[in-house]
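Colleague: how does the following fold in three dimensions:
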Amino acid sequence: MMIKENSYWHRFPLILVAGISLLVGLWAGIARMGWPVLPNSEVVLIHGPLMVVGFLGTLIGLERAVALQRGWAYGIPVCAGLSALTALLMIPSQISASLAVFASVLLTIAFITLYRQYPSEHFVIMALSALAWLVGNAMWFSGAAIFALVPWWVAYLVLMIAGERLELSRVRQPTAWIRCAFHGSVAVILIGLASSIFDLHTAIRTSGVGFLALGVWLLRYDLAWQSAKQSGLPRFMALSLIAGYAWLAVGGILWVALASYFSAGPRYDAMLHSIFLGFVFSMIFAHAPIILPTITGLALPFRNIFYFHAGLLHLSVVLRIFGDLTQSLRLQQWGGLLNAAAILLFLVNNVRTVRRGAGVHALRKVNSLS
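Modeller: Here you go, the predicted structure:
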């Protein structure tokens, strides 16, 4: 059933759940680093699910549902959001995980549906990303250790973003060799994931090679370099994208070099957050001025103040990764705290910009009537 998209208000409860997941996930993340901010230690254990399923899963699912314009597609963000809420209520993890599995099944169906309507290679990549999320969520349901399923969650986000950028890269009409290089990078990531069943550390190294290759491909062939020559929002987006691609390449190098540490500890933290924070949140910061108005119907005009939260994010990730690699607890902690501060500043700047945009719109409307 196709639904009319002339009303945005039914989406705000889902956005609220995503926001709660983000805020509690940040809180839990700070507590994991040793800051005395969270008396309930059990919430610390769901930091990953809150961020990947509750926050990112809900928003990505909502974005896809809006694009697909099918009522059933809203089951993706609904299931992802309910997964986060049940986790927050400390309901047995299998309930939360089962809801996440349903969300990822629906997301996979959504991309298959989109491919059938508009056959294109970027939808294949996105469908593979949804399948990676499905495998990770199924492993969560089965009771697997978080570090064992995290590579699948990472691949879900990396491939989702890469698929979107591949779609835009068609403007440059890349040669067959360039497209093969992209697909080869994706294939290496998938081979690494598949081999994790047999040897996790070899799988991490293999996937790391794929992440590095994909990061280099995006740095070389993405449209961001052309947009960086412009001004305003195109330049901000381009610089955020370029910085994110660099972090993906750095993450790939860390996965190759430090694979034997992929279970716990500061080096594990560096491997994860170079991608989760450096890459993924760079993409979120870059695309928010376009995606949020599409989802909410609220104007989010570009302001130079956006560079503050973007700059703080990258400086804090550098500080955190350096602290991880040198095993300096204080640098890790302050880097993590500033990571959270950058994301909170991002939220504040966006809310203030939306309110300012609404005020300007109202003033113009009054002037037009007078």
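Colleague: pLDDT weak spots in the stretch 51-200 of the chain?
Modeller: Along the stretch 51-200 of the chain, the parts satisfying pLDDT under 70 run over 171.
Colleague: ok, which stretches of it are strands?
Modeller: Using DSSP state E, counting those that start in this stretch, no strands are found in the stretch 51-200 of the chain.
Colleague: excluding its backbone neighbours, what's nearest the spatially most central residue of the chain?
Modeller: The centre of the chain sits closest to Val280, judged by CA atoms, centre = their mean, with a distance of 4.4 Å. Nearest residue to Val280 in three dimensions, chain neighbours excluded: Leu157, at 5.3 Å (CB to CB, 6 or more residues apart in numbering). (Glycine included, C-beta is placed from N, CA and C.)
Colleague: how close does that neighbour sit to Leu233?
Modeller: Remark: distance between Leu157 and Leu233 (CB to CB, to the nearest Å) = 23 Å.
Colleague: who has more neighbours out of the two?
Modeller: Taking other CB atoms under 10 Å, Leu157 and Leu233 do not tie; Leu157 has more neighbours (21 against 17).
Colleague: on that earlier part again, list the contacts for the residue nearest to the centre of the chain?
Modeller: Residues in contact with Val280 (CB atoms under 8 Å, 6 or more residues apart in numbering) are 56, 157, 161, 244.
Colleague: wait, isn't the second one in contact with Val53?
Modeller: In this case it means Leu157. No - assessed by CB atoms under 8 Å, Leu157 is found out of contact with Val53, at 11.4 Å.
Colleague: can I get the contacts of Val280 in TSV including distance to Ala194?
Modeller: Formatted as TSV, the contacts of Val280 follow (distance: CB to CB, whole Å):
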residue	distance to Ala194
Leu56	23
Leu157	18
Ile161	21
Gly244	26
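Colleague: can you tell me which of those are in helices?
Modeller: Among the contacts of Val280, the residues falling in helices (DSSP state H) are 157, 161, 244.
Colleague: of all the residues you listed, which comes closest to Ile321?
Modeller: Ile321 lies nearest to Gly244 out of the ones in helices among the contacts of Val280, by CB to CB, at 14.4 Å.
Colleague: next, the closest residue to the closest one other than its chain neighbours: secondary structure please.
Modeller: Once flanking residues are discounted, Gly244 sits nearest to Ser282: 3.0 Å by CB to CB, 6+ apart. The assignment at Ser282 comes out as helix when based on DSSP: H, G, I helix; E, B strand; the rest coil.
Colleague: in contact with Ser282, which residues?
Modeller: 240-241, 243-244, 247, 310, 313-314.
Colleague: and these, which is closest to Thr202?
Modeller: Trp247 (23.6 Å).
Colleague: so the closest one sits against Val317, correct?
Modeller: Yes - applying CB under 8 Å as the test, Trp247 and Val317 come out as touching, 6.9 Å apart.
Colleague: burial measure for the nearest residue to Tyr156 once chain neighbours are set aside, as a count.
Modeller: Among residues not flanking Tyr156 along the chain, Trp133 sits closest, at 3.8 Å (CB to CB, 6+ apart). Trp133 sits with 30 neighbouring residues when counted by other CB under 10 Å.
Colleague: list the contacts for Trp133?
Modeller: Counted by CB under 8 Å, 6+ apart, Trp133 has contacts 57, 104, 107, 152-153, 156.
Colleague: ok, the residue nearest to Val280 - contacts?
Modeller: Residues near Leu157 by CB under 8 Å, 6+ apart: 52, 56, 129, 275-276, 280.
Colleague: joint contacts of Trp247 and Val317?
Modeller: Listed contacts common to Trp247 and Val317 are 274, 277-278; contacts here mean CB under 8 Å, 6+ apart.
Colleague: so which of those residues comes closest to Pro77?
Modeller: For the shared contacts of Trp247 and Val317, the nearest to Pro77 is Leu277 (22.7 Å; CB to CB).
Colleague: so how many other residues sit close to the closest one?
Modeller: By other CB under 10 Å, the residues close to Leu277 number 27.
Colleague: so it makes contact with Leu338?
Modeller: No - using CB under 8 Å, Leu277 is not in contact with Leu338; the gap is 10.6 Å.
Colleague: now the common contact residues for the two.
Modeller: Going by CB under 8 Å, 6+ apart, residues that sit against Leu277 and also against Leu338 are Arg320.
Colleague: how near is Gly252 to Ala144?
Modeller: To Ala144, Gly252 is 24 Å away according to CB to CB.
Colleague: go on, Leu325?
Modeller: In terms of CB to CB, Leu325 sits 27 Å off from Ala144.
Colleague: one more: Trp153?
Modeller: 12 Å.
Colleague: neighbour count winner among the two?
Modeller: Neighbour count, other CB under 10 Å: between Trp153 and Ala144, Trp153 has more, with 26 against 15.
Colleague: so who does the more buried one touch?
Modeller: Trp153 makes contacts with 48, 52, 132-133, 136, as judged by CB under 8 Å, 6+ apart.
Colleague: Ala130 too?
Modeller: Contacts of Ala130 (CB under 8 Å, 6+ apart): 104, 107-108, 110-111, 156, 160.
Colleague: how about Ala288?
Modeller: Neighbour list for Ala288: 300, 346, 350 [criterion: CB under 8 Å, 6+ apart].
Colleague: pLDDT value on the last one, please?
Modeller: Asn350 is assigned 93 on the pLDDT scale.
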